[in-house]
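Student: the following comprises the amino acid sequence and a computationally predicted model.
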Amino acid sequence: MKDEKIMLEDIFTWQDIINFSLTNYDLNCNYLEKCYSKKNRIDFLRDHCRNFIGNKIREEFPDFPFDDECFDYHFHIEEDGNGKNNLYLNFSKFFMDIFTSCVNHKLDKQSLMPLLDIHNPTLKEDIINQLKLYKNELNNGISRCGDKNMIMGYNIDFNIKITKEELKESLLAKRKMIVWVIRHYDELSHFIREPLDLDILNVLNKDKFLLVMATLALEKSGVLSGNIEKCRKDSIQVLHNYILLLEYLNSENDQKYHVSFSTPLKNGQLLLVTSDTIFSQYQKLCEKHKEWLDSYHFSTSYEEILQNHAQETWKKLQNEKLIRNIQVSWEMIPTSENTSLYNYSKSNGTRIVANSDKGKANLKKAYDLVEKKIEYFSNTNPVCKLTGINTFEGYLAYMYSNGVVVFEKFYRPKTVRTVDLDGNKAKKVIMVPVDGEAIYVMNFKNFAYYSKYTKPILIQESAHNPDIDRINHTQNGSWKSKVDKVIHGPGYGNLDLEQVDEIAKQLAKRV
């Protein structure tokens, strides 16, 4: 069991979270505060949203005449047509706050909502006409403030008593707001329809946010009411993908992933919603309506949904996994270092020696051959070099920009007993050059995978795997042309070559 659990907060970007979220649903601070990582602080979240968006608006419109407190921002998530979700301000709610700020009485918001529907073909005309109507009301109020018989103003709706001068000043300020919006409607409308910077969500917890999205999807799907016929596919899709994410996290953690949030009930009590709640409810749905769910042809694995909705994160996770596998049996050598038998050996061994002149000559020949082979590979411009450890001690591997990895065993460590002149016994590690070893060639993904296994398994796999090859050394040196052809060719298998560069960089950072 792993000591630290992997959470979405650690591995997902906010773009990933948004891509897995429910679309076209009104999100306000009442929902967002459930995603706050600490205790409930809805006032803090509302102020955070007001300040964040207010600063963005004033960067675009320095003379924007509204205070941040005028807005109680609502959000929604919408797909852009390319499979990417974006976070937007709720256009209708934004202009409802504009209307509320520009009048001196309570609004009938229900009657105004159809006018503010973004699908309304006369949206701009209707909004501007409504603002002009409010402007006329304000002009009438301003005129009445000039009546000498009017001593003070009194707002019945808001139960506010103010002086005539204060009332006039307030009405003039509201009229200024209306005039500004009418003049800048097109620019303001365009600004609101632009995706929001996802940094606004940084105060929230990603795990809780996605759980809230899954809970909303469960509510909207109709599953809880048992009304399967009216279930919405988009909601079921969000639920299904969330369950696959849970399976991924359970698998990676070797234990059950758990996250929760509390939500108030009508009776004042708090309901605890957990990831287990969503999982169990969806399992019940699967048991009762398997054929119906199968008809949707949803993704069947977490690999598939991660590739579709969190591609960059999935690449990063895969890279980290490949690197971890490689590091079990290999260590990085700085590419700037001239490689030789001496500086890549991790055993601190020395050369074996011979007593006879013939033995010394043969050993020199063997060591010279190893050094020549190492020199040859070092001059082929690999993107990184690795030295074997553990079961791969004595091997040297080279990774190339086309995704090919070439490695070979050059020596084997041998421990011998020695006795010094005083009769003291000791052990010494010597490097014994090997002969007759084949050169292994494969793509880097296979290299990362098979690095965990022994040489016999590697030989067995090379017999039937088209992405693994063995090149035998030849006396005439033709093996070099075979290696050249491989490392300068298209490589093995369908590979993302940018991933090769990224893995090489990550391995280099671990030196």
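Tutor: Structure's in. What do you need? Residues are numbered from 1 along each chain as shown.
Student: in the stretch 401-511 of the chain, which spans are helices?
Tutor: Here the stretch 401-511 of the chain has its helices, by DSSP state H, counting those that start in this stretch, at 444-450, 455-462, 478-487, 497-509.
Student: buried sites along the second one?
Tutor: This means helix 455-462. Buried residues in helix 455-462, defined by neighbour count with 16 or more other Cβ atoms under 10 Å: 458, 461, 462. All C-beta atoms are positioned from the backbone trio N, CA, C, and that covers glycine.
Student: what does the last one give?
Tutor: The neighbour-count check on helix 497-509 (16+ other Cβ under 10 Å) flags 499, 500, 502, 503, 504, 506, 507 as buried.
Student: residues in contact with residue 36?
Tutor: Applying Cβ atoms under 8 Å, 6 or more residues apart in numbering to residue 36 gives the contacts 44, 45, 203, 204, 205, 208.
Student: how about low-confidence regions in the stretch 401-511 of the chain?
Tutor: Residue ranges of the stretch 401-511 of the chain with pLDDT under 70: 420-421, 493-495, 497, 508-511.
Student: please enumerate the helices of the stretch 201-350 of the chain.
Tutor: Using DSSP H, counting those that start in this stretch, helices in the stretch 201-350 of the chain cover 206-221, 233-253, 275-288, 290-294, 302-309, 311-329, 341-344.
Student: most tightly surrounded among these?
Tutor: Of all those, helix 206-221 carries the top mean neighbour count, a mean of 23, counting by mean count of other Cβ atoms under 10 Å.
Student: contact partners of that helix?
Tutor: Outside helix 206-221, the residues that touch it by Cβ under 8 Å, 6+ apart are 7-9, 12, 14, 17, 20-22, 25, 31, 34-37, 201, 224, 231-232, 235-236, 238-239, 242, 245, 259-261, 273-275, 277-278, 281-282.
Student: could you redo the last one with a cut-off of 6 Å?
Tutor: Residues outside helix 206-221 that contact it (Cβ atoms under 6 Å, 6 or more residues apart in numbering) are 7-9, 12, 17, 21-22, 34-35, 231-232, 235-236, 238-239, 242, 259, 261, 273, 275, 278.
Student: one step back: which pair of the contacts of residue 36 spans the longest distance?
Tutor: Across the contacts of residue 36, no pair lies farther apart than 44 and 208, at 15.4 Å, counting by Cβ to Cβ.
Student: before we move on, the earlier item: so which of the contacts of residue 36 is the closest to residue 403?
Tutor: Closest to residue 403, out of all of the contacts of residue 36 and judged by Cβ to Cβ, is residue 205, at 37.7 Å.
Student: burial of that closest one, as a residue count?
Tutor: Using other Cβ atoms under 10 Å, residue 205 has 20 neighbouring residues.
Student: okay, the helices of the stretch 201-350 of the chain in a markdown table with mean pLDDT and distance to residue 143 next?
Tutor: Shown next, in a markdown table, are the helices of the stretch 201-350 of the chain (pLDDT from 0 to 100; distance: least, Cβ to Cβ, whole Å):
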| stretch | mean pLDDT | distance to residue 143 |
| --- | --- | --- |
| helix 206-221 | 91 | 49 |
| helix 233-253 | 91 | 52 |
| helix 275-288 | 88 | 59 |
| helix 290-294 | 82 | 65 |
| helix 302-309 | 90 | 58 |
| helix 311-329 | 84 | 61 |
| helix 341-344 | 54 | 92 |
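Student: present these as a markdown table; the columns should include distance to residue 373.
Tutor: Below are these laid out as a markdown table (distance: least, Cβ to Cβ, whole Å):
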| stretch | distance to residue 373 |
| --- | --- |
| helix 206-221 | 50 |
| helix 233-253 | 40 |
| helix 275-288 | 54 |
| helix 290-294 | 56 |
| helix 302-309 | 39 |
| helix 311-329 | 20 |
| helix 341-344 | 10 |
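Student: out of the ones you listed, which is closest to residue 269?
Tutor: Closest to residue 269 of the helices of the stretch 201-350 of the chain, according to Cβ to Cβ: helix 275-288, at 16.1 Å.
Student: restricting to C-alpha, output the closest one in PDB.
Tutor: Output of helix 275-288 as PDB, limited to C-alpha atoms (Å, rounded to 0.1, in the frame of the first residue of the first chain):
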ATOM      1  CA  SER A 275     -17.600   9.700  -3.700                       C
ATOM      2  CA  ASP A 276     -18.900   6.400  -2.400                       C
ATOM      3  CA  THR A 277     -22.500   7.800  -2.600                       C
ATOM      4  CA  ILE A 278     -22.100   8.500  -6.300                       C
ATOM      5  CA  PHE A 279     -20.400   5.100  -6.900                       C
ATOM      6  CA  SER A 280     -23.200   3.100  -5.100                       C
ATOM      7  CA  GLN A 281     -26.000   5.000  -6.900                       C
ATOM      8  CA  TYR A 282     -24.400   4.500 -10.300                       C
ATOM      9  CA  GLN A 283     -23.800   0.800  -9.600                       C
ATOM     10  CA  LYS A 284     -27.500   0.400  -8.800                       C
ATOM     11  CA  LEU A 285     -28.300   2.000 -12.100                       C
ATOM     12  CA  CYS A 286     -26.000  -0.300 -13.900                       C
ATOM     13  CA  GLU A 287     -27.500  -3.400 -12.300                       C
ATOM     14  CA  LYS A 288     -31.100  -2.400 -13.300                       C
END
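Student: report the inter-axis angle for it versus helix 206-221.
Tutor: Here helix 275-288 runs at an angle of 40 degrees relative to helix 206-221 (axes from the mean of the first three to the mean of the last three Cα atoms, to 10 degrees).
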